[in-house]
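Participant: could you look at this predicted model? Sequence included:
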Amino acid sequence: MAEPSAASRRFRWLSTSWPLLPAIVFLSVAFVYPVALLLSASFTDATGSLSAVHYTRVFESPVVSRVLVITFQIAAWTTLLCVIAAYPVAYLLATAGRNVRNVLIILVLMPFWTSFLVRTFAWIVLLGRNGVLAEVAAVFGADAPRLLYNFTGVMIGMVHALMPLCVLTMLAVMEGIDRSLVRAASTLGARPGQAFLRVYLPLSLPGVAAGALLVFITALGFFITPALLGSERETVIVQLIIFQIRDMLNWGFAGAIAVMLLLLALVIFYAYDRLVGLSTLSGGAMRVDVTARRNPIGWLGARAGSLAIAIAGTLLDAFAAARERILPPRADRPRRPVGTWLLWSAALLIIGFLAVPAFFVIPVSFTEGRFLSWPPQGFSLQWYEAVLGSPAWTGAALRSLVVAIAAATLGILLGVPAAFHIVRRARYKTALIGFLVAPIVMPNIIIAVALFYLFAGIGLVGTLTGLAIGHTVLAVPYVVVTMVAVLKSYDQRLDHAAYTLGATPARTFLHVTLPLIKSGVLAAFMFAFVISFDELTIALFLVGGGTATLPRRMWDDALLQVSPSLAAVAAMVLVFMTAIILISEYARRRGSSGG
Amino acid sequence: MRGLRKSYGDFVALKGADFELRDGEFLTLLGPSGSGKTTLLLAIAGLNEPDGGEIRIDGRLATYLPPYRRDIGMVFQNYALFPHMTVYDNIAFPLKMRRWAGERVRPAVERVLGIVQLPELADRYPMQLSGGQQQRIALARALVYEPSVILMDEPLGALDKKMRDRLQLEIKQLHKELNIAVLYVTHDQEEALVMSDRICLMRDGQIEQLGPPDELYFRPRSVFAADFLGESNLLKGRCATTVAGRAKVKLVDGGLVECLCDAALEAGAPVRVMVRPEAMRLLREGERAENELTGILHDTVMSGGTTVDRFATAGGVILMAKRLTDGLGARALPGETARLGFAADRAFAITEG
């Protein structure tokens, strides 16, 4: 037989790869194309001819460089604090028993899911001039330190917002660490400190690096917290972009800044890949063999790391030896697990920091007063009545709901088939996942600006359709990531068994596969729903006024004043989101225990 | 290693175990899963704390001493080699923790690598080694600082049968050469029989029987012990008379057989007469044996070097007779009645109760 023609080969590719097509086509049109468009706009001047004028302005402008420096500072400090605080929590979660872990992980996840805006408001309630902290300090006759509208306020808000991400990323790596390794180290003569430093810490470093990377990249593109909890001095790069577009209508300049941000992110990703390897981002093991360290950056990192560990180990050992000389370990009574107590108290404090603040918006929303204050004055439902009676608020809530359901549904329809294909068939898995996940790795502001630029030309700005498309761009990656994880653990032999028992592929999917992955699909849907329901950046550009979504309205209100009515909205959003999370968690557990 | 003694109060996993590991001895803790053998081992290593009782290492009290102060070596079931260190660094780890002078470390590591016959692997990472090699490196790491006792927790469990057989003999050989005390945990009775000086059979957190392998095999103290080590034919009966370590037993199925017994056995006690399948012979026409039984041949199973004929007695008990495979074919056909015989000194009366 002759070689198959090019046409028939293409047909065969299409017949096996069709599940990928919708997702790829969608992301090409709604993500790659607008971003490319924005890039080209940044390279053209007012007359439309090729020019680097915007870039020279970026480099010459003192404002841009100052904002860039402060953005970097905020991101770097946030990353450092997040990593330090998240490590003990992740360690506790990775080593605790199953039941304890299940409870704690919900507490860690809760703030991750509750709206960024709500959490930021909660900090205003806690740290504001008439806030909880000020009142508590007043009881002791002291002045509370100023923790709001300055760098400290931004730090508190950012660390609170991004730490759960860090914990989860570290947890993925720490769960893969064999616990008998630390036991082995102790039977080989290592004190707990040494065993941790020389065995557990090096093995958990990929998780630390991955967590730090994600936090840093996300922090670079963050603006809600700096805008609401910081002062003029804490203006970040994204605010500058928003300002350039909304107030100056300077597309090219804004595009150029966005491109700088994107380049920065890419450089950091590249350095990370050289150092530890991108595969660790998905919880994969670090490439332990030497090949990963053949480049100079990796070699230097490894050298510096092992030196630091050796020094710390020696110090710690000297300290422990001194302590043992004073208090030698007793052979005749159980050891006192001082280290365990310390770990638990530290981790529980941090988890409390994550989980508790959001709930402070609830009591203040029942105040009779006209301003936010602590303790709330009297009890009244007037703010709830005001909010629920206002068409502006109810309309916004309804629009948010519609857009979130649409985006999540579209995300599932596009993402699930793609995930199936990636797990079962695809040949370029890493590249495909990279492409499909790109929208969440890229700072949201770039997508927002790019979509605004594209939609402005075709009349989609200000429409819910436009916003739903924008949110679907974000939903697809979350659905893909969730479903790939679910499908990887699905035993495909069950499908094969169904085939041998006489079921067609369609019936196999309907009667075997779908019932088993149902809870995973539901989780992916919830994931996408919550992302869209809470999304502000894209909404900031694509809707407004009569088409504002809930986060958009909350944002507009908050810029004027954080009032009790806003607290009422925040309280309702909080309760709604918590209910959704608990319900989906319940469904997930029932699903996984039942089948 | 002078003495190790431990006993527990009312601990669920361990209901009071008490034994001593002698100098240079290879002692195996054998038992089904959940019998408490690993709990016991971890307590000795200091990796979990007993609720009561006492552990002594080299005569010194060590019950609640942290593991790093115990001077023990431990080989884990999954080897627990540090994946981010080379083989050399793995083996040097305990020496660094003991603050050995730098120039003493390299010769010591090279010496143990020589002992486990893998001197060329020093610069590899554990992931680049086969299971058998990882096992030997784990052993080298536990040997390098010459601890007074080495604990091994099912170290061969993850290997295939061939590699397991080989390493069993290698570990036994090493034990002999280095004259080091070994406490070994396994659920594999064959492994225990091959390797041990003494076997400690455990059941439900208690010691069922402690003794040399042949004692456990030929004179099990309980039906559980007889069943757990090897295969056995168990004939129900009642002791009729005992004379000088021998008993006459009246079987429930009828018939009188003579066998070995403990001195404590009294006439009238209910017993099970244990005959190992290899002691049971199919008797030829006219051939006589000290004890004889009759049964109907049920089937014949050839498994390589040995062949087992299975018979059903009149009372419905299945009896097994094992012989070397000789390629001469079946001795009898299924359904035929045959006579079986065994010598009195190859049967043992186990007290029931």
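Facilitator: Happy to help now that I have it. Predicted, not measured: the structure shown is a model, and the values here were computed from it. Numbers count the residues shown, from 1 in each chain, chains lettered A, B, ... in the order given.

Participant: what does the lengthiest helix in chain B rub up against?
Facilitator: As assigned by DSSP state H, the longest helix anywhere in chain B is helix B:161-178. Contact with helix B:161-178 is made by B:26, B:115-116, B:131-132, B:135-136, B:139, B:143, B:152, B:155-156, B:159, B:182, B:191, B:194-195, as judged by C-beta atoms under 8 Å, 6 or more residues apart in numbering or on different chains. Where C-beta positions appear, they are placed from N, C-alpha and C, glycine not excepted.

Participant: what's the neighbour count on the residue of the stretch 251-353 of chain B found nearest chain A?
Facilitator: Chain A sits closest to B:Ser303 of the stretch 251-353 of chain B, with a gap of 30.3 Å, by C-beta to the nearest C-beta. B:Ser303 is flanked by 9 other residues according to other C-beta atoms under 10 Å in any protein chain shown.

Participant: bridge partners for it, pull those for me.
Facilitator: B:Thr306 (DSSP bridges).

Participant: so how far is B:Leu282 from it?
Facilitator: 17 Å (C-beta to C-beta, to the nearest Å).

Participant: next: A:Ala506.
Facilitator: Distance from A:Ala506 to B:Leu282, by C-beta to C-beta: 61 Å.

Participant: between those two, which one's more packed in?
Facilitator: B:Leu282 (17 against 8).

Participant: that one contacts B:Ala338, correct?
Facilitator: Yes. Under the criterion of C-beta atoms under 8 Å, B:Leu282 makes contact with B:Ala338 at 5.8 Å.

Participant: give the residues shared as contacts by those two.
Facilitator: With C-beta under 8 Å, 6+ apart as the test, B:Leu282 and B:Ala338 both reach B:Arg331, B:Ala332.

Participant: for B:Arg346, grab the count of nearby residues.
Facilitator: Neighbours around B:Arg346, by other C-beta under 10 Å: 18.

Participant: quick one: contacts for it?
Facilitator: B:Val275, B:Arg276, B:Ala279.

Participant: host element of B:Val249?
Facilitator: strand B:246-251 (DSSP states H and E).

Participant: avg pLDDT for the next helix or strand after that strand?
Facilitator: Sequence-wise, the next helix or strand downstream of strand B:246-251 (DSSP H and E) is strand B:256-260. Averaging pLDDT along strand B:256-260 gives 92.

Participant: what's strand B:256-260 packed up against?
Facilitator: strand B:233-243, strand B:246-251, strand B:291-303, strand B:347-351 (3 or more C-beta pairs under 8 Å, 6 or more residues apart in numbering or on different chains; DSSP states H and E).

Participant: that strand: which residues count as buried?
Facilitator: B:Val257, B:Glu258, B:Cys259, B:Leu260 (16 or more other C-beta atoms under 10 Å in any protein chain shown).

Participant: just stretch A:464-483 next, same as before
Facilitator: A:464, A:466-483.

Participant: any idea of the mean pLDDT for it?
Facilitator: 93.

Participant: close to chain B: what parts of chain A are there?
Facilitator: A:178, A:180-181, A:183-192, A:194, A:198-199, A:202-203, A:285-286, A:288-290, A:329-335 (C-beta under 8 Å from any C-beta of the partner chain).

Participant: can you select the buried ones from those in PyMOL?
Facilitator: Buried members of the residues of chain A next to chain B, defined by 16+ other C-beta under 10 Å, are picked up in PyMOL with:
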select buried, chain A and resi 178+180+181+183+184+185+186+187+188+189+190+191+192+194+198+199+202+203+286+288+331
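
Participant: narrow the residues of chain A next to chain B to those in helices?
Facilitator: A:Ser180, A:Leu181, A:Arg183, A:Ala184, A:Ala185, A:Ser186, A:Thr187, A:Pro192, A:Gln194, A:Pro202, A:Leu203.
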